[in-house]
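K.L.:
Could you look at this predicted model? Sequence included:
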Amino acid sequence: MTDTQPLVTDFATDWDHTDPQWVADPYPIWDDLRERCPVAHTERFGGGWFPATHAGVTAVAKDTENFTSRTVVIGNGRPGEDALPSPIGVAPPITSDPPFHQIARRVILPAFAPGPINALEPQMRALCRKLLDDMAGHEVVNGGSGYAQFIPTAVIRQMLGFPEADEDLFRDFVHIVIGGVNLPEEERIERFMPIEEYLVRQIEDHQANPRDDLTSYLLNVEVAGEKLAIEHVFGTIILVLIAGIDTTWSAIGSSLWHLGQNPDDLARLVAEPDLMPIALEEFLRFYAPVTMARLVKHDMEYLGCPMKEYDWLMLGFPAANRDPVAFKDADKFIIDRMENRHLAFGLGIHRCVGSNLARLELRVALEEFIARFPRFELADSAAVTWAPGMIRGPRNLPLRVAS
């Protein structure tokens, strides 16, 4: 089977987030939608909606009465009540609805609190420096496949306590879950089976050989005197593995892509290192990598649209971050933007638990790259490729460096 689909001619009535035009440069599309059709519709993927405004995205993200989070990656097929484990969802807590959501979120909050996350900084810096050492002597390096992709993969692998030799597998898992959304549902399920088999083996190994990592923590933590169901442990590992890798990989790559084309911004970060925390928030706003899906709970009129039960709703957090109604000079990257209440990590009850980790990885990755290469530029804009689907970032990113 192929995942190639007919090209889109009008994104207002037939949007597709895997269409080559959307993948290459979605921002003009979103600008157009905000002007003439703030909630776009499609019959693809079984039917779905896409609000392009900050107000529309905010309304849906905070509405757990009319929308369910039981699955958050758009694909073919329309899962019903019997298709998903209730109330856990496939990847708790992001796929859990209230009231179970609060329980599932509370379970993993300690692992992603500032204390344990900040303790990871030395090993992150060591990893980045090793990757940069491997680039020594090259005039052109790859900021995507040679740098950005390895950082969150290694960090998440270490947190979960999985073998270092398996890191290449995790990037394949990301592609299967996030990139193969146009495949028939049966084929996606078939391709997921090796992931399931791998994670079952890892869980069984941790049951037999407990250690100090996130997997053993999930297997041993108790809620109301009971350990988590195995499907809960499995689903949370899936969430950490997929969301924890692709999102930060994309954010690091997009930031390097920007700096490679904006020497003034690069020069400011080199000259003013204290500017980095503020600049990070603008990178996150301007190049927010993540969209999330909801399912419509019941037939209704919402945002002026006739939504049907189990229609998809794609939350365009990146589009909301470019809405001029919500942000002054929304279409401009302002490296020292002080007021920046962006939605890169979502909002509402499902706001990203891993935001502390993502910010730290992004900061360390950029600080180390700039320290090693204070001057660099995009080597070939035509050679840059972008990930399709609901998480957007550069994959091939050739950068010409000057040490």
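P.N.:
Perfect, I can see it now.
K.L.:
For stretch 304-320, what does the pLDDT average out to?
P.N.:
Stretch 304-320 comes out with an average pLDDT of 96.
K.L.:
Mind listing what's buried along it?
P.N.:
Of the residues in stretch 304-320, 305, 307, 310-320 count as buried by neighbour count, 16 or more other C-beta atoms under 10 Å. C-betas here are computed from N, CA, C, even on glycine.
K.L.:
Mind picking the one among the residues you listed that's closest to residue 42?
P.N.:
Nearest to residue 42, judged by C-beta to C-beta, of those is residue 312 at 8.3 Å.
K.L.:
and the gap between the closest one and residue 23?
P.N.:
From residue 312 over to residue 23 the distance is 18 Å, taken as C-beta to C-beta, to the nearest Å.
K.L.:
Can you show me the helices along the stretch 251-400 of the chain?
P.N.:
Counting by DSSP state H, counting those that start in this stretch, the stretch 251-400 of the chain has these helices, from start to end: 263-271, 276-286, 317-320, 355-372.
K.L.:
where in the stretch 151-300 of the chain is pLDDT low?
P.N.:
179 (pLDDT under 70).
K.L.:
contact partners of stretch 24-37?
P.N.:
Contacts with stretch 24-37, where a contact means C-beta atoms under 8 Å, 6 or more residues apart in numbering, come from 11-13, 17, 21-22, 40, 50, 52-53, 316, 318-319, 322-323, 331, 386, 392.
K.L.:
Is there a quick ChimeraX command that grabs whichever of those are buried?
P.N.:
In ChimeraX syntax, the buried subset of the contacts of stretch 24-37 is picked out as below (16+ other C-beta under 10 Å):
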select :11,12,17,22,40,50,52,53,316,318,319,322,323,386,392
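K.L.:
From the contacts of stretch 24-37, which land in strands?
P.N.:
40, 50 (DSSP state E).
K.L.:
Quick check, pLDDT for residue 4.
P.N.:
For residue 4, the predicted pLDDT is 65.
K.L.:
Taking the buried residues of stretch 304-320 together, which two end up most distant?
P.N.:
310 and 318, at 24.6 Å, using C-beta to C-beta across those.
K.L.:
ok, now which ones touch the residue nearest the centre of the chain?
P.N.:
The centroid of the chain falls nearest to residue 247 when counting by C-alpha atoms, centre = their mean (3.1 Å). The contact partners of residue 247, taken as C-beta under 8 Å, 6+ apart, are 152, 289, 290, 354, 358, 391.
K.L.:
give me the element it is part of.
P.N.:
helix 230-259 (DSSP states H and E).
K.L.:
what's the helix or strand hosting residue 188 in contact with?
P.N.:
Element membership for residue 188 (DSSP H and E) is helix 185-208. For helix 185-208, the surrounding residues in contact (C-beta under 8 Å, 6+ apart) are 1, 75-77, 160-162, 166, 169, 173, 176-177, 180-181, 183, 213, 215-216, 219, 230, 233-234, 237-238, 241.
K.L.:
do stretch 150-161 as well
P.N.:
Residues outside stretch 150-161 that contact it (C-beta under 8 Å, 6+ apart): 111, 120, 123-124, 127-128, 131, 163-164, 166-167, 170-171, 202, 206, 211-216, 237, 240-241, 244-249, 252, 357, 361, 364-365.
K.L.:
Using CSV, write down the CA coordinates of that stretch.
P.N.:
Output of stretch 150-161 as CSV, limited to C-alpha atoms (Å, rounded to 0.1, in the frame of the first residue of the first chain):
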residue,chain,number,x,y,z
PHE,A,150,20.2,12.3,18.6
ILE,A,151,19.7,14.5,21.6
PRO,A,152,16.1,13.7,22.7
THR,A,153,16.5,10.1,21.5
ALA,A,154,19.4,9.6,23.9
VAL,A,155,17.8,11.5,26.8
ILE,A,156,14.5,9.6,26.6
ARG,A,157,16.2,6.3,26.2
GLN,A,158,18.2,6.9,29.3
MET,A,159,15.1,8.1,31.3
LEU,A,160,13.2,4.9,30.3
GLY,A,161,16.2,2.6,31.0
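K.L.:
quick one: that stretch to chain centroid distance?
P.N.:
For stretch 150-161, the separation from the chain centroid amounts to 15 Å (computed by C-alpha atoms, centre = their mean, to the nearest Å).
K.L.:
tell me the contacts of residue 335?
P.N.:
By C-beta under 8 Å, 6+ apart, residue 335 lies in contact with 265, 268, 269, 275, 278, 279, 282.
K.L.:
isn't the second one right up against residue 275?
P.N.:
It stands for residue 268. Yes. Under the criterion of C-beta atoms under 8 Å, residue 268 makes contact with residue 275 at 6.1 Å.
K.L.:
Give the intersection of the neighbour lists for those two.
P.N.:
Common contact partners of residue 268 and residue 275 (C-beta under 8 Å, 6+ apart): 335, 336.
K.L.:
Quickly find the element holding residue 133.
P.N.:
Using DSSP H and E, residue 133 falls in helix 121-134.
K.L.:
residues making contact with that helix?
P.N.:
146-147, 150-151, 154-155, 158, 360-361, 364-365, 368-369, 372-373.
K.L.:
Buried residues, it. List them.
P.N.:
Quick answer for helix 121-134 (16+ other C-beta under 10 Å): 124, 127, 128, 131, 132.
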